[in-house]
Structures are given as structure tokens and as C-alpha cells.
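In: Predicted model and sequence follow; I will ask about them next.
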Amino acid sequence: MRFLDHRDELPESLRGAVIALGNFDGFHLGHQAVAQQAIDWARAEGRPSIIATFDPHPVRHFQPDAPPFRLTTLEQRQELYLAAGATAMLVFHFDAELAGTTAEDFVRKLLGEHLGVAGVVTGEDFTFGKARGGNFDKLVSLGNEVGIKARAATPVMDHGKPVSSSRVRDALREGDPQEAARLLTRPFAIRGIVQHGDKRGREIGYPTANLPIEHYLRPKYGIYAVTGRILSTGQDLKGAANIGVRPQFDPPKELLEPYFFDFSGDLYGQEIEVAFHHFLRGEAKFDSLDALIEQMERDCDRARELLA
């Protein structure tokens, strides 16, 4: 799948595309509906289809100190967009220059002249341009001036409310990964490179793979039943993971630490993805290591049952 940067010239073969325009971080049910409408439209007219995203997220540009909230990395999004059937992913590099681009210039110069877009599909509430000066109606009127057609996808409703990234984030913060997975159509997953740790898990019989959480949203701290995937080999694993600051050990250090059942290989330096399936309990500090080990045995037994 093509990985495109909005600052570069598009290959001629991708000009005249229909683009799904939005941030599409979580690529939940609502995002999927926008993307599918663009893909169907493109196929009906024999055009390429492109799903756009913004990186960094505009919120990160305007509020650099905001707590981490990302649901996916660019690499994860690219895989999701490919699976949806898009021809390419377009990344709008969100910086001061793009933030200062007026709605008029965004449509006429960027979408029209530079990218050669033929059609755009957005959500009904999509805004764009400097100070959010553009909305769907403005996209239609400006697009008509430069030969770009625009369509709006209606929100996907669920229990009387639109599916949104905010609902997914709320579910994860509340320790409900199953609700998040229902809205995402897949489990929330953190991807990272396994680091060397302090070997605490190995010392107590539960060797863990230590992953930095980086820019991902922090789910509720605690123990989860998880699955893992080694990206280099495609091997799938099952296990239990702690995400949090490890209150049993000093100094506190925020990590994702999956323990994979029946696995004895070396994961150091490997990129793995850990998917959250069930919340088992919150983080806790125990009176002794023996008490911790007993609880970990119960956690693993429960995780095995839930993942069976």
C-alpha cells in the first residue's frame, strides 16, 4: 500500500482519486463508514481511493502538553486502511504551516492543485482550515469552484449516540476493553519494541516482555487478559499483562508488561503488538512477593479461561 506525504507530489496514477478526509485515528465503526463510502465511490468510477490521516494529531500541535490519547500508530493505521480496501494512505503532516492554511487554500491549492483530488468524503461534522474556518458546506462550495465533488457520510449510531473516538477512549479508561473492541471492531492494541528491563518478572517465575507505552492512550491501569503477535514472524501468543507503574517495585516505572503463556523464546529487540481483551483487576501493592506470586497465578488462570 502506498504511504503518501501531503507535502510531496502525488504519482500521476493517484491523481483524480476519491479521498476519505478525516483523522481516522481509531478507525472505528464511524471512520470505517466514511472510508467505505469513499472506496465504493472510487470503485464505481474506476478511480484510486485514498484514506487520509493527520500526524501529529492537531490536538498535539495546539496542546503539546495534553495527556497521550492516540489509539493507533501510523503503521497500524496503514494496515487497517489497506484491509479496508483503500489504494493508499495520505498523511497530512500537521505543523504550523498546515495549521495556518485557510479553508480556501486547503481546498483550492492543496486538494485541488497539489493533490488533484476528484472527490472527497467526510463526516458531517468535519472542520478544516485555519481556526476551523471550513465545514462540509464550505467544502462543497469551494470544491465546486475547482471541480472537486464532496459527499458527507452520516454518523454511525449506537445506543442512540454516534460512534466516536471519545467513546472508545472512555471505555478504555474505565477498564472496559470489550466495549472499546465492539466500537473499533477489533481489540485495542499497543505496538512496540521489547526492551531490556530489571528482570523482576524473571526472578519470580513470570518473565515479561517490557514495552514502552509512548504516545498511546493509557487504558485503566491493571491486569488484562491479552493476546500478542510477533510482527517479524506472525506468531500469535496468549497471556496476561500488567499496564501501569508497578507499585510492588521501586522506583515506579510506567510500562506494559505482558507475560505470554507457554513461550520461552527471546523477544528482546522484537516488535510485538499486544491486544487487550479482558480487564482482570486493578494494580495493587501486596504485603509480600509470595502474595504477589499467588495473585499472579490466579490472574493467569483466569486469563487462560477467558482466552480459551
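Out: Here it is on my side, so go on.
In: Break the chain down into its structural domains.
Out: As given by automatic domain parsing, the domain ranges for the chain are 2-158, 188-307.
In: And the longest helix seen in the chain, what's buried?
Out: Using DSSP state H to define each element, the chain has its longest helix at helix 289-307. Residues 292, 296, 299-300, 302-303 are the ones in helix 289-307 that count as buried (16 or more other C-beta atoms under 10 Å). Glycine gets a C-beta too; all of them are placed from N, C-alpha and C.
In: and if you look at stretch 270-288?
Out: Under 16+ other C-beta under 10 Å, the buried positions of stretch 270-288 are 270, 272-280.
In: distance between it and the chain's centre?
Out: Distance, stretch centre to chain centre, for stretch 270-288: 19 Å (C-alpha atoms, centre = their mean, to the nearest Å).
In: go on, stretch 93-100?
Out: Here stretch 93-100 is found 21 Å from its chain centre; the criterion is C-alpha atoms, centre = their mean.
In: on that earlier part again, possible to save the buried residues of stretch 270-288 as JSON lines with pLDDT, distance to residue 308 and secondary structure?
Out: Shown next, in JSON lines, are the buried residues of stretch 270-288 (pLDDT from 0 to 100; distance: C-beta to C-beta, whole Å; DSSP: H, G, I helix; E, B strand; the rest coil):
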{"residue": "270", "pLDDT": "95", "distance to residue 308": "26", "secondary structure": "coil"}
{"residue": "272", "pLDDT": "97", "distance to residue 308": "22", "secondary structure": "strand"}
{"residue": "273", "pLDDT": "98", "distance to residue 308": "21", "secondary structure": "strand"}
{"residue": "274", "pLDDT": "98", "distance to residue 308": "19", "secondary structure": "strand"}
{"residue": "275", "pLDDT": "98", "distance to residue 308": "16", "secondary structure": "strand"}
{"residue": "276", "pLDDT": "98", "distance to residue 308": "17", "secondary structure": "strand"}
{"residue": "277", "pLDDT": "98", "distance to residue 308": "12", "secondary structure": "strand"}
{"residue": "278", "pLDDT": "98", "distance to residue 308": "12", "secondary structure": "strand"}
{"residue": "279", "pLDDT": "98", "distance to residue 308": "17", "secondary structure": "strand"}
{"residue": "280", "pLDDT": "98", "distance to residue 308": "15", "secondary structure": "strand"}
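In: just curious, which of the residues you listed is nearest to residue 63?
Out: Closest approach to residue 63 among those (C-beta to C-beta): residue 276, at 25.8 Å.
In: Spatially central residue in the protein, please.
Out: The C-alpha lying nearest the average C-alpha coordinate of the chain belongs to residue 72 (C-alpha atoms, centre = their mean; 1.8 Å).
In: which ones are touching that residue?
Out: Counting by C-beta atoms under 8 Å, 6 or more residues apart in numbering, residue 72 touches 25-27, 80.
In: And it, how close does it get to residue 135?
Out: 26 Å (C-beta to C-beta, to the nearest Å).
In: Next: residue 194.
Out: Using C-beta to C-beta, one gets 44 Å for the distance from residue 194 to residue 135.
In: If you count neighbours, what's buried in stretch 3-20?
Out: Residues 4, 6, 10, 14, 16-20 are the ones in stretch 3-20 that count as buried (16+ other C-beta under 10 Å).
In: Identify, from those, the entry nearest to residue 141.
Out: Closest approach to residue 141 among the buried residues of stretch 3-20 (C-beta to C-beta): residue 19, at 17.8 Å.
In: quick one: low-confidence ranges for the stretch 101-250 of the chain?
Out: 198-205, 247-250 (pLDDT under 70).
In: one more time with 90, if that's ok
Out: Along the stretch 101-250 of the chain, the model assigns pLDDT under 90 to residues 196-207, 245-250.
In: Can you show me the strands along it?
Out: 119-123, 149-153, 157-158, 161-162, 189-193, 222-230, 236-244 (DSSP state E, counting those that start in this stretch).
In: Show me what the last one pairs with in its sheet, parallel or antiparallel.
Out: Same thing as strand 236-244. Strand pairing for strand 236-244, using DSSP bridges, gives strand 222-230 (antiparallel), strand 255-260 (antiparallel).
In: and what of the first one?
Out: Strand 119-123 has these partner strands in its sheet, going by DSSP bridges: strand 18-20 (parallel), strand 149-153 (parallel).
In: Let me see the mean pLDDT of the shortest one.
Out: Here strand 18-20 scores 98 as its mean pLDDT.
In: Work out the gap between that strand and the centre of the chain.
Out: What separates the centre of strand 18-20 from the centre of its chain is 19 Å, taken as C-alpha atoms, centre = their mean.
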